[in-house]
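Chemist: Sequence isn't available, so here's the structure alone:
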């Protein structure tokens with residue numbers, strides 16, 4: 001949906017039909033996404049055993065999970081300010097956006113141990129490696145430049161971003177195992193974790209001034225989106241974009257957390273259980289706290305990286321107002337996480353555009369996307385999502401939507417009408 005200014009957040013080379021776009025404060029772009037990679041709800045088998053009870057079976061869901069690299073992501077983005085204007089052959093844009101990203105990575109054994117118990121691991125170990133979280137909230141202040149010369153085959157785009165970190169919790173290193181001896185069934189726990197946190201809101205303050213906290217620019221960062229588009233003729237166009245390259249240095253209330261230790265649990269003493277009639281649980285808790293000491297301390301700063309993503313797209317014009325497009329996407333977080341889509345794009349006059357798409361992600365193959373843009377007068381109202389036509393909510397693990405209202409003025413020169421010889 002290139003005619004919507006916010007499309008530059010994904011494709012920096014997108015060229016709209018209007019010379020001026022002004023995003024209405026707080027409602028020009030509202031974005032929300034949730035994605036759960038391991039399985040969908042229908043993989044959880046529920047059987048009614050009586051009028052008041054049900055039996056749940058997770059066998060199929062756990063079998064579909066990856067061994068180490070399962071993923072939960074939820075994110076939101078709210079534009080506080082956005083503006084775009086054409087100056088000769090260059091489109092200049094500004095935006096201020098509040099962004100929250102929460103990413104949780106976990107191994108299959110975490111679910112398997114909870115569901116099947118520990119008997120399956122006798123003589124082996126429970127793998128708790130690759131367990132971690134990256135939760136980040138920040139404000140993005142971006143300057144975008146898109147060079148689009150009339151009649152030119154190449155377009156270039158860049159968005160340079162200054163980042164204001166607000167809150168963060170980040171697991172830099174996480175490993176752990178639970179080994180079960182095959183002779184006496186003794187459990188050996190080992191863990192090694194390094195995590196960091198920072199916040200503009202003081203942890204121990206009773207009188208919190210949120211305004212002063214939001215005005216804190218101590219957690220500075222830089223980022224960039226880069227894109228290029230090639231149009232060899234009036235039928236074909238090819239686009240590539242590398243987004244979210246950057247980092248944030250966290251300083252305000254920065255803390256580090258480290259846990260490292262090993263503990264062998266030999267079982268509960270029968271003497272305590274039979275003769276004394278109780279178990280000294282406090283003793284086990286005290287032993288665990290000594291073996292796995294939490295080293296928490298204030299630090300001067302630490303750095304986290306943004307999560308880069310790449311888009312590659314090819315579009316073919318069936319006519320002046322009709323296109324089909326094929327897009328490949330990849331996010332780099334604990335490896336490459338790919339996705340793909342094919343879309344049908346139709347423009348109906350100057351006041352209506354719509355898109356229908358089919359999207360594929362890991363363990364999610366029935367995602368129908370939809371997009372709509374209406375332009376009554378100077379107002380541009382849009383809504384677009386990767387999986388908005390949820391025909392069966394129990395058979396999807398991904399939902400994404402962006403909606404908003406812009407003011408648009410002026411109109412760029414439209415390309416010449418195509419012929420079959422183009």
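Modeler: Yes, it's here. Everything numeric in this text was worked out from a predicted model, so none of it was measured. Residues are numbered from 1 along each chain as shown.
Chemist: What pLDDT does the model give residue 179?
Modeler: For residue 179, the model assigns a pLDDT of 82.
Chemist: my guess is it contacts residue 188, does it?
Modeler: Yes - in this structure, residue 179 is within contact of residue 188 by C-beta atoms under 8 Å, at 4.4 Å. For every residue, glycine as well, the C-beta is placed using N, CA and C.
Chemist: Quick check: mean pLDDT of stretch 37-44?
Modeler: Averaging pLDDT along stretch 37-44 gives 81.
Chemist: For it, which outside residues touch it?
Modeler: Outside of stretch 37-44, the residues within contact range by C-beta atoms under 8 Å, 6 or more residues apart in numbering are 56-58, 60-61, 64-66, 70-72, 108, 337, 361-364, 392-397.
Chemist: what comes up buried for it?
Modeler: 37-40, 43 (16 or more other C-beta atoms under 10 Å).
Chemist: Which of those sits closest to residue 402?
Modeler: When these are ranked by distance to residue 402 (C-beta to C-beta), residue 37 comes first, at 21.1 Å.
Chemist: The closest one: what's its closest spatial neighbour, skipping adjacent residues?
Modeler: Leaving aside its sequence neighbours, residue 37 sits nearest to residue 71 (C-beta to C-beta, 6 or more residues apart in numbering; 4.2 Å).
Chemist: contacting residues around that neighbour?
Modeler: 35-38, 103-105, 333-334, 337.
Chemist: go on, residue 84?
Modeler: So residue 84 contacts 5, 8, 16, 20-21, 91-94, 144 (C-beta under 8 Å, 6+ apart).
Chemist: For it, give me the pLDDT.
Modeler: 94.
Chemist: do the same with the one 10 residues further on
Modeler: Here the pLDDT value assigned to residue 94 is 95.
Chemist: now do residue 331
Modeler: Residue 331 is given a pLDDT of 92.
Chemist: Across the sheet, point out what pairs with residue 260.
Modeler: residue 192 (DSSP bridges).
Chemist: That one: neighbouring residues, count only.
Modeler: By the criterion of other C-beta atoms under 10 Å, residue 260 has 16 neighbours.
Chemist: if I pick it, what's in contact with it?
Modeler: With C-beta under 8 Å, 6+ apart, residue 260 has these contacts: 191-193, 292-293.
Chemist: Walking through the chain, point out its helices one by one.
Modeler: 59-64, 108-116, 210-214, 270-274, 281-291 (DSSP state H).
Chemist: Among the buried residues of stretch 37-44, which one sits closest to residue 27?
Modeler: Using C-beta to C-beta, the buried residues of stretch 37-44 come closest to residue 27 at residue 37, 31.2 Å.
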